[in-house]
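> The following comprises the amino acid sequence and a computationally predicted model.
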Amino acid sequence: MPEQKFALVCGGGGFIGSHLVKKLKSEGFWVRAVDLKKPEFGLSAADDFVVGDLRDPQVCQKVLDRPFDEVYQLAADMGGAGYVFTGDHDADIIHNSAQINLNMAYFGQKSGIKKIFYSSSACMYPAFNQTDPENPKCSEDSAYPAEPDSEYGWEKLFSEHVYLSFRKNYGLDAHIARFHNIFGPEGTWRGGREKAPAAICRKVAEAKDGGEIEIWGDGKQTRSFLYVDECLEGVRRLMDSTTFFGPVNIGSEEMVTINQLAEMAMEIAGKKLTIKHIDGPLGVRGRNSDNKLIKEKLGWGPTQKLHDGLVKTYQWINAQLQATK
Ligand code: NAD
């Protein structure tokens, strides 16, 4: 019998966290999850689910009251452009997420955890390298001089340094990935924190054939999107590595404009819709993952096209919408 392994997933009630809990369970881990809330779309697969606030040092100490082989720190005050780029939530974002990361690095190290994963974001890359929608630069070595375009990005960069300094001074085995737009079923799809793929799928699902949908900006801004299962494969490979710990991009290099993403959703839905461009929070003009480093170090890259993941996401959001009618 292989030895039982124990994992803690912080943010285990969120989108990526709840998928990660399922994956770790399928690999035979005993899993404790902690989050402010239980998963919104179904039961958690965790063996133990703690509802708690990781800004509170006592909660962090409590969830770390047993040995863990692996800790995954995904908890963050976050959302899509409508949440992180309006400026209305900057103080909460920077304070809440930094507090969680300071606590988890400190108490994680103190309690003797063997390994910790931290989910940083492509939002930490400098804005000045992402002004050309055709040629954004997001290689890992382009991070400095730093100039993220949001407080969300600044907090991610700061917290990378938190984990890197705990690695340097206390030997905490911290592994860091910079996620680029992760999407899939069971992610937030309405309410203000949803991200572009979910928001567009919802708008397309809600629209009558021949009608219109609203898109923020001119829709020519570019992004890449990675399906959640692919992301988790990258995360697990990074955690399993004994020689490489990042920070490293985990994303797709299939760059599309937001207009193209909307057209793809319409094609999947079988609807012809007009796009109405309206003012809205946008973020950088262009962004794409650069997977050179992760390919070289971990042999990882996405295996499916954006279209495949968008089909599954659209179908799930459409089903949610029908169920709420
Ligand atoms: P999510 O919002 O669905 O999950 C984050 C979870 O953290 C939520 O369930 C939330 O309740 C929990 N949380 C927030 N504050 C907390 C607190 N004080 N105590 C305990 N739990 C708390 O987001 P997600 O998309 O699953 O993202 C997971 C991680 O990946 C985050 O760190 C996010 O910044 C990062 N990331 C995500 C993407 C993406 O495209 N989804 C891109 C880059 C980085």
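Sure, I can see it.

> Which residue is the nearest non-sequential neighbour of residue 279?
residue 216 (7.2 Å; C-beta to C-beta, 6 or more residues apart in numbering). For every residue, glycine as well, the C-beta is placed using N, CA and C.

> typo on my end, it should be residue 17
Closest to residue 17 by C-beta to C-beta, 6+ apart is residue 11, at 4.1 Å.

> pretty sure the one you found contacts residue 75?
Yes - in this structure, residue 11 is within contact of residue 75 by C-beta atoms under 8 Å, at 3.4 Å.

> The two: which is more packed in?
residue 75 (26 against 23; other C-beta atoms under 10 Å).

> all helices for the stretch 201-325 of the chain, in order.
With DSSP state H, counting those that start in this stretch as the criterion, the stretch 201-325 of the chain has helices at 228-240, 258-269, 292-298, 306-324.

> Can you tell me which of those helices is nearest to residue 250?
The closest of the helices of the stretch 201-325 of the chain to residue 250 is helix 228-240. By C-beta to C-beta, the value is 4.1 Å.

> which other residues reach the closest one?
For helix 228-240, the external contacting residues (C-beta atoms under 8 Å, 6 or more residues apart in numbering) are 15-16, 19-20, 23, 27, 70, 72, 115, 117, 119, 175, 177, 179, 182-185, 187, 244-246, 248, 250, 252, 294, 298-300, 302-304, 309.

> Now with 7 Å, please.
Contacts to helix 228-240, defined as C-beta atoms under 7 Å, 6 or more residues apart in numbering, come from residues 16, 19-20, 23, 70, 115, 117, 175, 177, 179, 182-184, 246, 248, 250, 294, 298, 300, 302-304.

> In strands, which of these appear?
70, 117, 175, 177, 179, 182-183, 248, 250 (DSSP state E).

> Most neighbours among those, which one?
That'd be residue 250 among the ones in strands among the contacts of helix 228-240, by other C-beta under 10 Å, with 28 neighbours.

> can you tell me how far the residue nearest to residue 17 sits from residue 212?
Distance, residue 11 to residue 212, by C-beta to C-beta, to the nearest Å: 36 Å.
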